[in-house]
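In: okay, predicted coordinates and the sequence, questions at the end:
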Amino acid sequence: MVTGVEAERVVGRSLWRKEDRRLLTGGSCFVDDFERPGALHAAILRSPHAHARIVEIDATAALEDERVVDVVTSDDLPHPLPRIPMRMFRIDGMERLLQSPLAEGVVRYSGEPVAVVLADSRYAAEDALELIAVAYEPLDALLDATAALDPESPVLHPEAGTNLAGEIHVSFGDVDAAFAEADLVVEERLYSQRHGAVPMEPRGLVAEGADGGGVTVWGAAKVVHTNRRILAALLGLPEDRVRLVELDVGGGFGGRGEFYPEDFLIPFCALRAGKPVSWTEDREENLRALNHSREQIHDTAIALRADGTLLALRDRFYFNTGAYVRTHGAVVPNMSVALLPGPYRWGAYDCTALQVVTNKTPAGTYRAPGRYEANFVRERLLDIAAHRLDRDPADLRRQNLIPASEMPYEVGTHTDNHPVVFDSGDFELLLDKGLQCFDYEEMLRWRAADPGPGRRRGVGVSYFVEKSGIARWEYARVAVGDDGGAVAYVGSASVGQGVETVLAQVCAEALGISYDAVTVSHGDTDVVPEGMGAFGSRATMLGGSAVAIAAEAVRKRLVDAAAERLEASPDDLIIEGDRVIARGSPAVGVPLAELIDGAPEEEEARFESPDMSFPYGLHLVALEADVETGALDIHRYAVAYDVGRAVNPQLVHGQIVGGLAQGLGGAVLEELAYDASGQLVSGSFMDYLLPTAGEMPEVRVLITEDAPTPLNPLGVKGAGEGGTAAAGAVIANAVSDALGAEATVLPLTPERVVDLAHERRAA
Amino acid sequence: MTSRKVSIEINGKTYERDIEPRLLLSDFIRHEAGLTGTHVGCEHGVCGACTVQMDGQPVRSCLTLAVQAEGHSLTTVESLAEEDGTLHPLQQAFHETHGLQCGFCTPGFLMSLEPLLGEARDFDDREIREALAGNLCRCTGYQNIVAAVRLAAERMQ
């Protein structure tokens, strides 16, 4: 058992996770593992067309099947049809583009829900989908975001009058003057392809009516309290009649846990049927229905002096948001605009984001949303400039980094109308540490050696600033029982990242008790009254801070009470086991049972951060390309990341390597590709390729704690997204270096690598 | 649909059920036997989350019909730890090396890898990665899973 003095150092240690035992032994409970007696099973009929008028839905044959209980179409929903609202980053006009739980009259993407079947088994429900006859009148599909803004193009939502969902414009300095005086201008069109979160656990829900006309929903994730508010509003129920419960969650990554059509339909069907309803999507549905992300086209340029000084960055980009605006509103393009400047000093900046409606699956966030794309754009431009100026790419970056002396640094951009201010950081120090730790010089020597015929070697560098602690508050309540055990109730959510472990560490340290004595409770709206959840690298930073404050308040109350009894100074007292004792004199003490009257001693806290916090990092890669097959062999991949303070370094390491696997997938493998008619052609794991252990290199990781944030009591910054954020950028830079041709399109599939190699030969 | 009576042995216990011949083994294990430690991630045999052992060999239970399992002996993740709760060395190694995050894919990894460790010999990382390459994990980037196999192999020597 960890006790006393040892326990004071719980934060900062790589303790093993509390979550693991149940997950390793089959004792976990994911939503499809959760059964309610007598439950009906739902299956969703989805549009086979990207764009079509619905002429008629005939469910007669399905309803004749004795195993089928009900078929629900838009006619059966309340009218006017509920629309799923945005929960953040709204732009005026977007409310005209929100999705109804079921399509009425028109379908706008392949995969859009059209009807729900309720049957006595999942097999029967899926059978019945084939018995529903829907007559469609196909319409032209609009897939390309630039084409969608053509005045000649059809308008997908007539009530909106335009396919432009929203526009964001940010500008500072005199961009035109900077370009006019520049010695070098690098101008490109850069494209980041549509891909997405693809958690291993498909989505699912179980819903059941509750006493008093309420409803309980199991399987919520990520933003449980927000989704309760949305569901209550859509069902017309008071919020306290709606209970959402998070079970084990098989990965989030931005996509999972947002409020989707099914999050309304399943509880609605349970109330309508008067029976529990269970639903789990299959993988094809998951790939067609979960938010897509990342599809951006940037027309962009940078201006430099001959000595390498960056002068200005100009960008106009199109974000393909798919058929509807979902819960995220404009968060993705907003993040691109806000953080495209990166870690560099720019005299002038002008960026316009155009969020555009098309006939593809609606888009939302995916790990490092908007930044993965922006880092690709900026870091590509810097490398092209380095090539033209014949400069070492790392050196060109160093020259332009914002110096530590200028922190906190106001970038001149904003997120959700809030100025972006880098809170702390020593960018040059991390560059030095990273290059040294990963032996950049050795990488360059490796690159210079002859790899043999048909092989080319390249080295890539990418620097980035991440953000963390979005939606700036979190709730916690800490309760200490007379046995010395503590429970931290927190509004954060678990998506598999280790929240129960990290927050227990924070709680244990604040109370001065052992890690083993703390459990973390989250995700049940009946148990935790409010919360913001887990997204945007916020759980440790905001949830952790709330837990620390609540725990410190409980500790102080107990220790003060004991100090009075013992006539001692509270400063000399600690909680140990089930007693409060004098430090160094364990014989002097009071049992907690004498200080706590029955119910556990509790304190609540709502931590509010004045601002987001900005971790920063560096990706480095050395790779070899085969010019005949297009294969890429990664010789070395390394990530340096400053997270302010690492509560559990092993878990931070895990976030970085795991995040990188996703970033690498996006860089070379994954694409939610559509054919000309708007059909998703990568709707299975045979076609949508996730990285396997065969593609993933061994990654070197350097976690630094040189710039704790002043914005929260722990000094922590979020660590969840830095592994992903610069992967597309650095792979593209290394491939371009290897082939002597500039990559402008992701992913760098074997085909594109071969094409690039030819481009060089042609040149 | 006509049903058929089957008798299937899982973790040493026999389950007799009337089932449709089309019922997937994964659904039988999860919903008939109630052993929900086996997970279903893709239902088309790519992700490996549903891997169980049939007569000691890993199989994809989503690509196997339950009726095909009749007369065979199945083991699932629930059988790995000892009755007193002591983790199997492979489970323990996953725990220590942080070889899992959300844990959804983990049972499939464990059931795929466990027979390999029975071979009681040294493995290099390349062999380990090859052995892992039939299972998808979206959280870890595999690095710590490789480390877990290495650690478990060392301990089981």
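Out: Great, that's in hand.
In: wait, residue B:56 sits on residue B:115?
Out: Yes: if you go by Cβ atoms under 8 Å, residue B:56 and residue B:115 touch, sitting 6.2 Å apart. (Each C-beta comes from the backbone N, C-alpha and C, glycine too.)
In: these two: which is more packed in?
Out: More neighbours surround residue B:115 than the other of residue B:56 and residue B:115, with 13 against 10 (other Cβ atoms under 10 Å in any protein chain shown).
In: tell me which element the more buried one is part of?
Out: Per DSSP states H and E, residue B:115 falls inside helix B:106-117.
In: which strands or helices does that helix pack on?
Out: Contacts defined by 3 or more Cβ pairs under 8 Å, 6 or more residues apart in numbering or on different chains; DSSP states H and E place helix B:106-117 against helix A:20-25, strand B:51-54, strand B:57-60, helix B:89-97, helix B:125-132, helix B:143-156.
In: out of those, the one nearest residue A:314 is which?
Out: The closest of the helices and strands packed on helix B:106-117 to residue A:314 is helix B:143-156. By Cβ to Cβ, the value is 39.3 Å.
In: what angle separates that closest one from helix B:125-132?
Out: Angle of helix B:143-156 versus helix B:125-132, following axes from the mean of the first three to the mean of the last three Cα atoms, to 10 degrees, is 110 degrees.
In: helix B:143-156 close to chain A?
Out: Yes: counting by Cβ under 8 Å from any Cβ of the partner chain, chain A has neighbours in helix B:143-156: B:143-146.
In: report the angle between that helix and helix B:106-117.
Out: 40 degrees.
In: what's the average pLDDT for helix B:143-156?
Out: Per-residue pLDDT over helix B:143-156 has a mean of 96.
In: centre of the chain versus that helix, how much separation?
Out: 17 Å (Cα atoms, centre = their mean, to the nearest Å).
In: elements contacting it?
Out: Counting contacts by 3+ Cβ pairs under 8 Å, 6+ apart, helix B:143-156 packs against helix A:649-668, helix B:89-97, helix B:106-117, helix B:125-132.
In: what residues does the nearest residue to residue B:48 once chain neighbours are set aside make contact with?
Out: Distances taken as Cβ to Cβ, 6 or more residues apart in numbering or on different chains place residue B:135 nearest to residue B:48, at 3.5 Å, with adjacent residues excluded. Going by Cβ atoms under 8 Å, 6 or more residues apart in numbering or on different chains, residue B:135 touches A:692-693, B:47-49, B:51, B:105, B:108-109, B:112.
In: and what of residue A:291?
Out: Listed by Cβ under 8 Å, 6+ apart, the contact partners of residue A:291 are A:196-197, A:254-255, A:258, A:326, A:328, A:361-366.
In: so which residue is dead centre in chain B?
Out: Nearest residue to the geometric centre of chain B (Cα atoms, centre = their mean): residue B:111, 3.0 Å.
In: from memory that residue sits against residue B:53, does it?
Out: Yes: taking Cβ under 8 Å as the definition, residue B:111 is a contact partner of residue B:53 at 5.6 Å.
In: okay, and the common contacts of the two?
Out: By the contact definition Cβ under 8 Å, 6+ apart, residue B:111 and residue B:53 are jointly contacted by B:75-76.
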